[in-house]
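Visitor: pasting the structure only:
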Ligand code: BTN
């Protein structure tokens, strides 16, 4: 199901490259990897620290007959796919933080950026971008604005080899992209909950000007974050989650 793999020495962003490729008629299943990114992008308009070295920066282009609005749960499905691969590669303590941050001991190891485009009634296409930290020096990581880690810290000599891991990640993502087209988020929900690193924790969700505190209660069938608040259970489809101190 992989249509072709492009490996670049350097690129602005593998996501930007595949979004352009999609606009130019690129095939479903196109994959792009880079050794480094000049302008790696994260969620919510943030950058993604992407130095040359040992890390994984990759994107996959997928095409759906579904409308963009039906792809709301896809980012969670992709998070589950990546967490499954990392777990089977030896990272026993891999966890997910909503919607799809990859965590080890409450530190960010990697993340996914999904960009969707298409017609309101379908078809649509999506570019799934994945960054995984295999090794970052403190100097390289100085611009990261949250607790972070890398697979070398997590596993030492037992850390998986980068290219073998990248191959497994591509395979896992492509399978998840196809499965989501057949059955949506439902087949991924049990695993999402099994990987949920914040279930039952006291957290705060910030959406624009709004700040809501509560207890994280997992995810809804549409991928929204469930929060038990003083005003009852609420469901969020955007925003940033953080642990409340104390
Ligand atoms: C996040 O957690 O904020 C998402 C990070 C996604 C980073 C990857 S690296 C490969 C791909 N190209 C990008 O510019 N971003 C994604």
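Guide: Good, I have the coordinates. Nothing here was measured: the structure is a model prediction, and the numbers come from that model.

Visitor: Please make it C-alpha for all contacts and neighbour counts, starting now.
Guide: OK.

Visitor: Just give the nearest non-adjacent residue to residue 140, would you?
Guide: Nearest residue to residue 140, sequence neighbours excluded (CA to CA, 6 or more residues apart in numbering): residue 51, at 7.0 Å.

Visitor: Over to residue 111?
Guide: residue 101 (4.6 Å).

Visitor: what's the burial count for that neighbour?
Guide: Residues within reach of residue 101, counting by other CA atoms under 10 Å, total 22.

Visitor: what does residue 37 give?
Guide: Around residue 37 sit 21 other residues, with neighbours defined as other CA under 10 Å.

Visitor: tell me the contacts of the residue nearest to residue 111?
Guide: Contacts of residue 101 were listed using CA atoms under 8 Å, 6 or more residues apart in numbering, and they are 79, 108, 109, 110, 111, 112.

Visitor: separation between it and residue 24?
Guide: Taken as CA to CA, to the nearest Å, the spacing of residue 101 relative to residue 24 amounts to 30 Å.

Visitor: Which positions in the biggest helix by length in the chain come out as buried?
Guide: Ranked by residue count, the top helix of the chain under DSSP state H comes out as helix 162-183. When burial is assessed from 16 or more other CA atoms under 10 Å, helix 162-183 yields the following buried residues: 165-166, 168-174, 176-178, 180-181.

Visitor: same check, this time on stretch 115-132
Guide: For stretch 115-132, the buried set under the neighbour-count rule, 16+ other CA under 10 Å, comprises 115-118, 124-132.

Visitor: Which residue ranges of the chain form strands?
Guide: 4-11, 30-37, 56-64, 94-97, 101-104, 107-118, 124-132, 202-207, 210-219, 225-229, 232-236, 240-243 (DSSP state E).

Visitor: Mind checking the ones you listed for the one nearest to residue 146?
Guide: Within the strands of the chain, the stretch nearest residue 146 is strand 107-118; the backing value is 7.7 Å (CA to CA).

Visitor: and that closest one, average pLDDT?
Guide: For strand 107-118, mean pLDDT is 97.

Visitor: what helices or strands is it leaning on?
Guide: Packed against strand 107-118, as judged by 3 or more CA pairs under 8 Å, 6 or more residues apart in numbering; DSSP states H and E, are the following elements: helix 74-88, strand 101-104, strand 124-132.
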